[in-house]
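Student: give me coordinates for this.
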Amino acid sequence: MNFKVGDKVVVRTGSDKGKEGKIIKTLRNENRVVVEGVNVVKKHQKPTGQETGGIIEVERPIHASNVMIVDPKTKKGTRIGHTIDEKTGKKVRITKKSNEKLD
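Tutor: Reported below is the predicted structural model:
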């Protein structure tokens, strides 16, 4: 999986198609990501200790194949590629559309 926490992504399919958000959490073993403001469900929670109970909204994970990283130059969804940086000699992520490096 080529996604990291903090990447800005756009949802490609499903009920939240077209929504953009940042990745909050990656679940590498399940190939899923949790995106901020996407796949929000209501959860009934009992009061425990200092926390109050009630109905809260929680983001649930979606499959990594249903999101694309947002290209910083074109502001549209793009695929991720890899290349070797000439200065450091390390493998870096790039966008396929504009060849921009991702941090």
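
Student: what about Gly89, neighbour count?
Tutor: Counted by other Cβ atoms under 10 Å, the residues lying close to Gly89 total 7. The way it works is simple: take the backbone N, C-alpha and C, and place the C-beta from them, glycine included.

Student: quick one: pLDDT of the residue nearest to Arg32 when sequence neighbours are not counted?
Tutor: Here the nearest residue to Arg32 in space, its sequence neighbours aside, is Pro61; by Cβ to Cβ, 6 or more residues apart in numbering that works out to 3.9 Å. The predicted structure scores Pro61 at 98 on the pLDDT scale.

Student: then Met1?
Tutor: According to the predicted model, the pLDDT of Met1 comes to 84.

Student: can you tell me which residues contact it?
Tutor: Contacts for Met1 were tallied using Cβ atoms under 8 Å, 6 or more residues apart in numbering; they are 26, 28, 31, 33, 64.

Student: what about the residue nearest to Arg32, neighbour count?
Tutor: Around Pro61 sit 17 other residues, with neighbours defined as other Cβ under 10 Å.

Student: done for today, thanks.
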